[in-house]
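Colleague: Kindly generate the corresponding structure for this input.
(one chain, ligands or ions: 1)
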Amino acid sequence: MGVLDGIAEDLVTALDARLDGHRAELRSEEIGTVTRVSAGVAEVEGFTELFADELILFPGGLMGAASEIEERRAGVILFGPAEQLPVGAEARRTGRVIDVPVGEALLGRIVDGLGAPLDGEGRLRPAERWPVERPAPAILDRAPVELPLQTGVKAVDAAIPIGRGQRELVIGDRQTGKTAIALSAILSHAAGRPGTEGPLAAPGVCVYCAIGQRAASVARVIETLRREGALERTVVVIAGSEDAPGLQFVAPYAATSIAEWFMARGDDVLVVFDDLTRHARAYRELSLLLRRPPGREAYPGDIFYIHSRLLERATHLRDELGGGSLTALPIIETQAQNISAYIPTNLISITDGQIYLSPDLFEKGQLPAVDLGRSVSRVGAKAQLPAYRAVAGDLRLSFAQFEELEVFSRFGTRLDEETRAKLARGRRVRAALRQRESERPPPPEQIAVLLAATQGMMDDLPLERVAEAERAIAEAIRRERPELCREIERGAAFGDDDRAALAETVRAAIEGLGEGRDGDA
Ligand SMILES: Nc1ncnc2c1ncn2[C@@H]1O[C@H](COP(=O)(O)OP(=O)(O)OP(=O)(O)O)[C@@H](O)[C@H]1O
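Modeller: Numbering: from 1, shown residues only. The predicted structure follows:
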């Protein structure tokens, strides 16, 4: 034994001595040279070793990430302006992958795509940094989606409900109210339902990730968050249109890591990516600069993968792992309503459903411009509060039938009484689904007004008085049915007795508003 020990010791010493020589060699190879620079990427030569996504440091503090790694040559995605980087400049390995600060300290802060503060509120002192790319939770660690995420938008909460842990796409042409829907979801989620008991009471955590947006639109969102008191429950991650494409590319992954920290401690987190069309464009630009072969619409072959690996990270964790959840609302902008373009179809297939916003509805003033017929939520209904299911369970279907009927009725002049009644009902339901951007009615009010519209209690009401009726209903149920409202929010079963009680109050509240009937306008 003693002899063997001696031999082992000798061997170790000999190896150490040889390694020392190599170490010196290796160290010298930790510095490379920039051989080519283009807007957004740099080519570096000289490294013998690099790991994927390793951070590279350039003079002046400019950072990049090793992306296209070949023997002694690497394409590096830059996270800052390339203008200051001359060919021949030195590039240093850092041995770190791209990571971001995470933790409680980020709440209320506005940071860039790498987590550096942009709000002038001082340095972040995070306890931890997490890599921006993290593996999605394993299937066995995931629990079914079972709690709703209220958006405060009637059409969404009632007909296309979103569950906590789900990925729901918000899709539509430009200026159709996509950001408005996502913002409403953030404001509702961040506020929670204080004063109620049950699953919706606790305020949630939100991350708003703006990618490639104009500074003015992002400023508007931040202003709203601040005004409504939601900023302190939100982290804003911004990579603007004027930022390097590398920052725009990395921002949603960074935002997700920031969100995952909260999920890991048991919070329900909502992440909005506004928007992934611009994210895809930034990645296409980088790929072309890195000379990767372009595919359909000039996007690189892994464009599907970059979005699927991002959205796979949305989940609801098992109770043993804290029971937190990460709900993702990616936004996609379509052109001329073409949802079969490459990026929209990819995202539609990755997500659990989509909220489709129609420019035609927007033009007609039907706001929010949610097109129920083309929207779907594949898992949300299971998580919906029981009262929604009881009152608006078939809303999407019956509304689609009404819309079809409405189109056909334009061709015929003489309509029978039954058709006329159906049209009148459908129009009142449509009017009841309208709401202003600033309105976020709580679940009991939404349910009561939908009950009134779908059950025909508003059939005699002139369309322009539906909003007024809604206000009267909201006030009446708050005053007369506080117990029932509490039960609805608690997620209690909603039986026939409850429905009858609610209907009675609603009917009384809007009685008398029907004077001056305008036919079935
Ligand atoms: N429910 C609503 N009621 C009234 N106005 C609304 C409503 N929803 C959105 N708007 C208005 O419509 C405009 C476009 O909304 P928003 O910016 O959310 O759309 P977008 O699709 O995200 O736009 P972009 O293409 O610029 O990203 C804004 O001026 C907004 O105030």
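Colleague: contacts and neighbour counts: CA atoms only from here.
Modeller: Fine.
Colleague: and V207, bridged to which residues?
Modeller: Beta-bridge pairing for V207 (DSSP bridges): V235, V271.
Colleague: Any regions of the chain where pLDDT drops low?
Modeller: The chain contains residues with pLDDT under 70 at 1-29, 412-413, 514-521.
Colleague: Let me know the helix or strand that V44 is in.
Modeller: V44 belongs to strand 41-45 when elements are defined using DSSP states H and E.
Colleague: May I have that strand exported as PDB, CA atoms only?
Modeller: In PDB, the C-alpha atoms belonging to strand 41-45 read as follows (Å, rounded to 0.1, in the frame of the first residue of the first chain):
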ATOM      1  CA  VAL A  41     -21.800  40.600 -34.600                       C
ATOM      2  CA  ALA A  42     -18.000  40.300 -34.500                       C
ATOM      3  CA  GLU A  43     -15.700  37.500 -35.700                       C
ATOM      4  CA  VAL A  44     -12.900  36.600 -33.400                       C
ATOM      5  CA  GLU A  45      -9.900  34.400 -34.000                       C
END
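Colleague: partners of it, with directions?
Modeller: strand 31-38 (antiparallel), strand 73-78 (antiparallel).
Colleague: What residues does the stretch 301-450 of the chain have near the ligand?
Modeller: 367-368, 435-437 (Cα under 6 Å from any ligand atom).
Colleague: By neighbours, which of the residues you listed wins?
Modeller: P368 (24 neighbours; other Cα atoms under 10 Å).
Colleague: Could you check how far that one is from I77?
Modeller: 39 Å (Cα to Cα, to the nearest Å).
Colleague: cool, G113 as well?
Modeller: 13 Å.
Colleague: returning to that earlier point: distance between the strand holding V44 and the chain's centre?
Modeller: 33 Å (Cα atoms, centre = their mean, to the nearest Å).
Colleague: Just the residues contacting that strand, thanks.
Modeller: 32-37, 72-78, 82, 91, 286, 289-290 (Cα atoms under 8 Å, 6 or more residues apart in numbering).
Colleague: With mean neighbour count added, can I get the strands paired with strand 41-45 in JSON lines?
Modeller: Output for the strands paired with strand 41-45, formatted as JSON lines (neighbours: other Cα atoms under 10 Å):
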{"stretch": "strand 31-38", "mean neighbour count": "19"}
{"stretch": "strand 73-78", "mean neighbour count": "26"}
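Colleague: Looking at those, spot the one closest to the ligand.
Modeller: Closest to the ligand of those, according to Cα to the nearest ligand atom: strand 73-78, at 25.9 Å.
Colleague: Extract the C-alpha set from the closest one and format it as PDB.
Modeller: C-alpha atoms of strand 73-78 as PDB (Å, rounded to 0.1, in the frame of the first residue of the first chain):
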ATOM      1  CA  ARG A  73     -12.800  31.100 -34.900                       C
ATOM      2  CA  ALA A  74     -16.000  32.300 -33.400                       C
ATOM      3  CA  GLY A  75     -18.900  34.500 -34.400                       C
ATOM      4  CA  VAL A  76     -19.800  36.600 -31.400                       C
ATOM      5  CA  ILE A  77     -23.200  38.300 -30.900                       C
ATOM      6  CA  LEU A  78     -22.600  41.800 -29.600                       C
END
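Colleague: Sheet-wise, list the partners of the helix or strand following that strand with their directions.
Modeller: The helix or strand immediately downstream of strand 73-78 is strand 90-97, counting by DSSP H and E. Applying DSSP bridges, strand 90-97 is found paired with strand 31-38 (antiparallel), strand 54-57 (antiparallel).
Colleague: Which secondary structure elements does the following helix or strand past strand 90-97 sit against?
Modeller: Toward the C-terminal end, the helix or strand that comes next after strand 90-97 (DSSP H and E) is strand 99-102. For strand 99-102, the elements it packs on are strand 128-131, helix 245-264, judged by 3 or more Cα pairs under 8 Å, 6 or more residues apart in numbering; DSSP states H and E.
Colleague: and whichever residue of the stretch 201-350 of the chain sits closest to the ligand, bridged to which residues?
Modeller: Closest residue of the stretch 201-350 of the chain to the ligand, Cα to the nearest ligand atom: E333 (6.7 Å). Beta bridges link E333 to G172, judged by DSSP bridges.
Colleague: Just give the number of residues close to it.
Modeller: 24.
Colleague: Please verify my assumption that it contacts T277.
Modeller: Yes - using Cα atoms under 8 Å, E333 is in contact with T277, at 6.1 Å.
Colleague: what's the overlap in contacts for those two?
Modeller: With Cα under 8 Å, 6+ apart, E333 and T277 have no common neighbours.
Colleague: re earlier: reformat the helices and strands packed on strand 99-102 as CSV; add distance to V272.
Modeller: Converted to CSV, those look like this (distance: least, Cα to Cα, whole Å):
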stretch, distance to V272
strand 128-131, 19
helix 245-264, 9
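Colleague: still on that earlier bit, can you convert the strands paired with strand 90-97 into JSON lines and add a column each for distance to I139?
Modeller: Formatted as JSON lines, those follow (distance: least, Cα to Cα, whole Å):
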{"stretch": "strand 31-38", "distance to I139": "41"}
{"stretch": "strand 54-57", "distance to I139": "28"}
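Colleague: Format these as JSON lines; extra columns: distance to the ligand.
Modeller: Shown next, in JSON lines, are the strands paired with strand 90-97 (distance: least, Cα to the nearest ligand atom, whole Å):
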{"stretch": "strand 31-38", "distance to the ligand": "29"}
{"stretch": "strand 54-57", "distance to the ligand": "32"}
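Colleague: So for R499, which of the ones you listed sits nearest?
Modeller: strand 54-57 (59.5 Å; Cα to Cα).
Colleague: what does that closest one rub up against?
Modeller: So strand 54-57 is contacted by 63-66, 76, 91-98 (Cα under 8 Å, 6+ apart).
Colleague: Is there a quick PyMOL command that grabs whichever of the residues you listed are buried?
Modeller: In PyMOL, selecting the buried portion of the contacts of strand 54-57, with burial taken from 16 or more other Cα atoms under 10 Å, looks like this:
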select buried, resi 63+64+65+66+76+91+92+93+97+98
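Colleague: Closest residue of the stretch 251-400 of the chain to the ligand?
Modeller: Minimum separation of the stretch 251-400 of the chain from the ligand (Cα to the nearest ligand atom) falls at P368, amounting to 4.0 Å.
Colleague: My read is that that residue contacts D360, right?
Modeller: No - here P368 lies out of contact with D360, judged by Cα under 8 Å, at a distance of 11.5 Å.
Colleague: Nearest spatial neighbour of S257, chain-adjacent residues omitted?
Modeller: In this structure, S257 finds its nearest non-sequential neighbour in V132, 5.6 Å apart by Cα to Cα, 6 or more residues apart in numbering.
Colleague: List the contacts of that neighbour.
Modeller: V132 touches 98-100, 250, 253-257, counting by Cα under 8 Å, 6+ apart.
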